[in-house]
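Q: what follows is a predicted structure for the sequence shown.
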Number of protein chains: 2
Amino acid sequence: MAASMVVVLLMLLVCPLRAQQYPDCANGPLSNNSVCDTSLPAKERARALIDAMTVQEKLNLTHNNSPGVRRLGLPPYNWWGEALHGVAAAPGVQFASSGNWSYATSFPQPISMASSFDDDLFYAIGTVISTEARAFNNANRSGLDYWTPNINPFRDPRWGRGQETPGEDTYLVKRYIDTIVTSMQGGRNPKSYKIIATCKHYTAYDLEGWEGNTRYGFDAIVNPQDLSEYYMQPFQQCARDTKVASIMCSYNAINGVPACANSYTIQSVLRGHWNWTADENYITSDCTAIQNMFTDHRAFDTRQQTVAAALNAGVDVDCGYYNPTFLPSAYSMGLVEESILDRSLLRLYSGLVKAGYFDPPESPWRSVGWANVSTPEAEDLALKVAAEGIVLLKNDGTLPLAPTDRNMTLLLAGGWINATTQLQGNYAGPARTLISPWMALQNVSNVNLVVVKWFENPTLRAIEAQADAILWIDSTTEGADEGQDRNTIRWDAMQVDAVQTLATLGRPLVVAHMGEQVDDSALLNNPNVSALVWAGYPGMMGGQALINIITGKSVPAGRLPITQYPAHYVHQVPMTDMSLRPNPQTGNPGRTYKWFDNATVEFGYGLHYTNFSTVINTPPNSSFDIQALVSACDFATYGHVDQCPFHASGTRSSSLSVNVTNSGSTGSDFITLAFISGEYGPEPRPLKSLVAYQRVFGIQPGDSQVASLNLTLGSLSRYDESGNQILYPGSYRLLIDVPTQTQWDFVLTGSEYMMDEWPQM
Amino acid sequence: MAASMVVVLLMLLVCPLRAQQYPDCANGPLSNNSVCDTSLPAKERARALIDAMTVQEKLNLTHNNSPGVRRLGLPPYNWWGEALHGVAAAPGVQFASSGNWSYATSFPQPISMASSFDDDLFYAIGTVISTEARAFNNANRSGLDYWTPNINPFRDPRWGRGQETPGEDTYLVKRYIDTIVTSMQGGRNPKSYKIIATCKHYTAYDLEGWEGNTRYGFDAIVNPQDLSEYYMQPFQQCARDTKVASIMCSYNAINGVPACANSYTIQSVLRGHWNWTADENYITSDCTAIQNMFTDHRAFDTRQQTVAAALNAGVDVDCGYYNPTFLPSAYSMGLVEESILDRSLLRLYSGLVKAGYFDPPESPWRSVGWANVSTPEAEDLALKVAAEGIVLLKNDGTLPLAPTDRNMTLLLAGGWINATTQLQGNYAGPARTLISPWMALQNVSNVNLVVVKWFENPTLRAIEAQADAILWIDSTTEGADEGQDRNTIRWDAMQVDAVQTLATLGRPLVVAHMGEQVDDSALLNNPNVSALVWAGYPGMMGGQALINIITGKSVPAGRLPITQYPAHYVHQVPMTDMSLRPNPQTGNPGRTYKWFDNATVEFGYGLHYTNFSTVINTPPNSSFDIQALVSACDFATYGHVDQCPFHASGTRSSSLSVNVTNSGSTGSDFITLAFISGEYGPEPRPLKSLVAYQRVFGIQPGDSQVASLNLTLGSLSRYDESGNQILYPGSYRLLIDVPTQTQWDFVLTGSEYMMDEWPQM
């Protein structure tokens, strides 16, 4: 979220930021205000606080770095916290420079979390992060608002922030949201928020800087079908189903209207169609996004009109300086009503009330402290997440490299051998320790390490003489980052050359591909590259997790949460083309595994150190009447028909089960992936769509376990050109695993059923 | 030079690099080798060393990180030093982590040196840098080879390394080369080299990474005219005239042939036409450039052919690992002769012999030490360079801001208020101190500073209440850097917006434009922006120099060494188009002030705190016969006819003099710029060309001084389409100052004279 501009501007904060203090409800001026009366409803308490303010005071409170109201005893408060994969530094989060409070648990990036396909893990991560966030808050080092997670689906492999997201598939993204937001907020519909989470960036945001287009002024042209079925699905999960407390509007425009003044997306869809109307449901702008509506989108003639448009559209916080600077004059000009200001403040302070900000310190979560931060259990979890997320893409039997009865000389090469902070990726907080691969290898017995100081001393002869095996650990040097997208999805020619040169030695050669996904063809196609793992951004314990996999102490079972595209893909479709479906007119070959059929490595791919076979427990029926399915839905329980279970097997326990058998000789987890394809709904039709997954743990050689796949009626739906979600009669096929191992065909009969009528712009 | 890849690779050097030790000529094995016999000629000494080597030993010695030959007592040596604007860290230069040897004087970047137009300053800088380099060498912390300066002319405002160069004009670039290389090498034709300088990057190199084109594989298509008159001119100065010891070949190809295997540029032009054939004249590749001929240019079928091609073409050092890895097998295959290896080693070791590497420690320069590094005098020089290089682009009388009888409240805003390392730019070494503008302002009396923590706390009301004046110090956030060119030459819309907002307050508003040159139109055209200075990368004392100018303690007299292009320029010509002249077919509007007539701010522009008038002391004659001019040339003294003086005034002292009068009320330096334009030579004809300059110092109000302009016959020449340098009959006009203040018309008569017949490819 923070622009490079933000980074620069933050550098000049010569004075320390204000600490995040709790208000004094016992003795201060607020003690006589009902906001401190815990017996009253939250909204009533917030209303009492706002009623005590003058309009001039109110005008100061709609930006991220709120000065509070000293007269009333309301302290300054910074709404801007970050905690994408651990509590992270932000204007509203202060780390100490050393000692206590100088670090927090740093998990893998969401792209690497996602490759674990492990919902329980996502939930556990959110629990740790929010506990540590509460500890920082109790130490007056943070607020209760954290602008995380980043849930824009990873549409294009060039995107500079794809690493922050759980990948390209909306089903997986939605599972991630439901688990991590729920655990961060302290449970489903919590009485009191543990922390206030923020789904960002609303919406159709996934371009940073590409061939002169910048995120600050980009206008994303999206048709209703793509908008409803893809770009909006994560936000529907957040707002309608998981009930996230807060949402951030994005820099870009959607079909000509900037996101932070877009009444269609904000009013019609978010607050209207999805009924995201809890008292505390506030929207913040991305940082500078309100200013960008004036400077980059040029959507308004004056700065006052700009701030008024955002506030009137329902954007309650300006991360930036436009509101404090121009809202007073906008108000004087009559562009903003006091009631609209009140609406925003009511949302903001209702949230704080519900997070216990005005409660006595015996309220929930006020007792956690430094002892609860970066605990051994939390760091073990960081290691477990990293190991579960590593994906094995190629193996000729070289892996695991298990040195046993004699010393093995392992040559280490590549730019990430001793990577530490690089393992974290962006939006990382400081960690207690960062275990690089090289550090992790120090503790492996029977291995002699030789570091190939490539560029400085190697000769092939020397390497050949020493090597029992070679481990190359690297990432592409053209990194995408916040503010900049990639130009290529190739490895550097020089990196490929180095690997190819090492590959001529005839020694086992293992490549660990770190960081961004790029085209691995040159490594996959080289028969002398023995094995390839993708470890992404594995976090503070990432080097240990990688070496555990390499040496067989852990076993790989992760799957790609994104398509690995061929390098020439970037020449086939510009980043600015938001459409998902192939288009012969524009040359767009399609986006994501649902529409692009020429991947270098498919979404969902991943090998093991063993082999698995899967058998679907075929349901008794293979024909289902749409109207019968719908009428069996218990709307009162599920709220929305797409959420109702599809009891394919006729039982109430799960939709469908799959027997998974380990037919090899090494115990291993297995991620059971279930897709649906078929002849139903409008053309073109997706190649397939992920509808369920379950990670099954520790299946021993020769053993079997049962994976339960929870399909819903939504799993069977499609979206028409207007974005309506519909159940269509037709022929369906359930596909297990990547590549498909087994399948089950069924049909839906009856007539179309409109599950969700999409609001039109 | 260092690729981003290099940076990554260097990070994995877990072991410290070898120290740079002198050979033991007194007691070691070398004591019996003639290389240590100081009575012999250098080449003979180098030959004796090489004669003692086996071919296998020789094969190890042609890369930057030479292992030496332990058997012979020849120590390891790393040829790769850096010292662009001060001794800088490099594989061959080791700084201590603290205390002695942990820093060196850090001058402004060459682009900011160049704007001083002060040859004596360039010379003084080179003297300090080479003295400090010798001190590091004596401490075994560096070698004697420094791969500096970077002298590719700054052709396109997007170039990621333009800051490393003295700008776009070949005459200015050549003056910079002649002064700084000569002082670094210890004088003209020194008996012993102080240090060995390296002109880079040979040639037509000025693209890093732009819309998918990378420097590693870019093929620069250059016609003979542009090549001869522009891209090659700096190298002609280096090789033919200043006699630099060493040259670096570049990453790119020139007209299809990679620079490091290009027999036309290396053999025909450099060693042939320019006779760059001193014993010690070696060529190094840019780092990885030999590898890139295989991986990116794909110019050869095998790696062995690649290394052989470079060595055979006359590239003596591989900065990279290709030579040590593949040269032995190339030799076994018969692709390289031992005599060619010997040729390279003879050059390399002749240079070290001439730098005293094999001499006893009483030889010149062996006594300088830490006391000679970052001395007060050197740091004063850094301050002086920075002040002389600052360019005043606009001033309504607000500057200087001189607080006198009462306290002034100065509001500071912008991303570079407290800039420290940013002031240095790239290829900077660590400095003893880095004075930011904010730090410098602490010592200005009668000024209250208020830092506008933009984004965090401002409101216009608060600023207005406090401000007597506002100082905005910033750089564009899209920075070009090594490896990446700029996409835009605009200020960010958000930055312009911030300045425009401050400008509405009606308080004096001064903008200090730091870093890269970009289009300042929005600032120049806004009547409420009171003053604008461009301070570039002003080095360790940069903040002090800037504040001295702002407050009038120093006065500005710098001039732009580059054209400030309008923002839309980047859409008119792609970076990949190397041609200089306007071309209606391609839409290229022309490059540099010689060919582009629509600058936002012209090359050579710069204001003062006073006014100057200039009067040319008109020569008695205004007609000159070409044959008479040539026959009056003393070839024995000048070597090349283009170097012969053009005695326009008929005297021997200088070509022409100009009376410069300070007609204002503040004493100031004045840079007398002399251009020639006219109707002569082939069309199209340049708008004008810089032919001489002299900075005149400290002209007091009402006083006059005389500037001497040393024109040569080369000043009058043009280049034809084949690249031949020719004196043409025609009408000439000498123009003084920017914009032109005064002029003198003259004619050349007689017939064309071929000054230099350009070798054809």
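A: Thanks, I have it. Source: prediction; values computed, not measured.
Q: please make it C-alpha for all contacts and neighbour counts, starting now.
A: OK.
Q: count of neighbours near A:A628?
A: By other C-alpha atoms under 10 Å in any protein chain shown, the residues close to A:A628 number 11.
Q: give me the below-cutoff pLDDT ranges for chain A.
A: A:1-19, A:403-405, A:454-455, A:457-458, A:653-654 (pLDDT under 70).
Q: domain map for it?
A: Here the domain parsing of chain A from the TED database is A:35-372, A:376-571, A:612-756.
Q: what about the second one, near chain B?
A: Yes. Where contact is defined by C-alpha under 8 Å from any C-alpha of the partner chain, part of domain A:376-571 touches chain B, namely A:414-418, A:451, A:453-461, A:477, A:487-488, A:493-494, A:497.
Q: of those residues, which belong to strands?
A: Among the residues of domain A:376-571 next to chain B, DSSP state E puts A:V451 in strands.
Q: and for A:V93, the neighbour number?
A: 28.
Q: so what's the nearest residue to it once chain neighbours are set aside up against?
A: Spatially, and ignoring its direct neighbours in sequence, A:V93 is nearest to A:S142 (4.4 Å; C-alpha to C-alpha, 6 or more residues apart in numbering or on different chains). Contacts for A:S142 (C-alpha atoms under 8 Å, 6 or more residues apart in numbering or on different chains) come out as A:A19, A:Q20, A:N78, A:G81, A:G92, A:V93, A:Q94, A:A133, A:F136.
Q: among those, which one has the most neighbours?
A: In terms of neighbour count, A:A133 stands highest of the contacts of A:S142 at 33 neighbours, by other C-alpha under 10 Å.
Q: A:D497 and B:T295 touch, don't they?
A: Yes. Judged on C-alpha atoms under 8 Å, A:D497 makes contact with B:T295 at a distance of 6.6 Å.
Q: the more surrounded of those two?
A: B:T295 (23 against 19).
Q: mind checking how far that one is from B:T306?
A: Per C-alpha to C-alpha, to the nearest Å, B:T295 is found 10 Å from B:T306.
Q: do the same with A:T170
A: 49 Å.
Q: same thing with A:N189?
A: 67 Å.
Q: also A:D597?
A: In terms of C-alpha to C-alpha, A:D597 sits 39 Å off from B:T306.
Q: buried ones in the longest helix along chain A, by neighbour count?
A: In chain A, taking DSSP state H as the definition, the longest helix is helix A:119-138. By neighbour count with 16 or more other C-alpha atoms under 10 Å in any protein chain shown, helix A:119-138 contains the buried residues A:119, A:121-138.
Q: CA atoms only for it - export them in CSV, please.
A: Provided in CSV are the C-alpha atoms of helix A:119-138 (Å, rounded to 0.1, in the frame of the first residue of the first chain):
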residue,chain,number,x,y,z
ASP,A,119,-7.0,-23.8,6.1
ASP,A,120,-6.1,-24.7,9.7
LEU,A,121,-2.7,-23.2,9.2
PHE,A,122,-4.1,-20.0,7.9
TYR,A,123,-6.3,-19.8,10.9
ALA,A,124,-3.4,-20.5,13.2
ILE,A,125,-1.3,-17.8,11.6
GLY,A,126,-4.0,-15.2,12.0
THR,A,127,-4.3,-16.2,15.7
VAL,A,128,-0.6,-15.6,16.3
ILE,A,129,-0.5,-12.4,14.4
SER,A,130,-3.4,-10.9,16.2
THR,A,131,-2.2,-12.0,19.6
GLU,A,132,1.2,-10.3,18.9
ALA,A,133,-0.6,-7.3,17.6
ARG,A,134,-2.6,-7.1,20.8
ALA,A,135,0.7,-7.3,22.7
PHE,A,136,2.1,-4.4,20.8
ASN,A,137,-1.1,-2.5,21.4
ASN,A,138,-0.9,-3.1,25.1
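Q: who are the packing partners of the helix or strand just after it?
A: Counting by DSSP states H and E, the next helix or strand C-terminal to helix A:119-138 is strand A:145-146. Applying 3 or more C-alpha pairs under 8 Å, 6 or more residues apart in numbering or on different chains; DSSP states H and E, we find strand A:145-146 packed against strand A:196-202.
Q: how much does the strand it packs on deviate in direction from helix A:119-138?
A: 110 degrees (axes from the mean of the first three to the mean of the last three C-alpha atoms, to 10 degrees).
Q: the helix or strand just after strand A:196-202 pairs with which strands, and in what direction?
A: Note on strand A:196-202: by DSSP H and E, the next helix or strand toward the C-terminus is strand A:209-210. Next to strand A:209-210 in the sheet, as set by DSSP bridges, lie strand A:213-214 (antiparallel).
Q: confirm for me that A:R718 is in contact with A:Y732.
A: No. Applying C-alpha under 8 Å as the test, A:R718 and A:Y732 come out as separate, 11.9 Å apart.
Q: quick check: the most centrally placed residue in chain A vs A:L121, distance?
A: Nearest to the geometric centre of chain A sits A:T165, at 3.0 Å (C-alpha atoms, centre = their mean). For A:T165, the distance to A:L121 equals 16 Å [C-alpha to C-alpha].
Q: about what we covered before: the buried residues of helix A:119-138 also near chain B: which ones?
A: With C-alpha under 8 Å from any C-alpha as the criterion, no member of the buried residues of helix A:119-138 is in contact with chain B.
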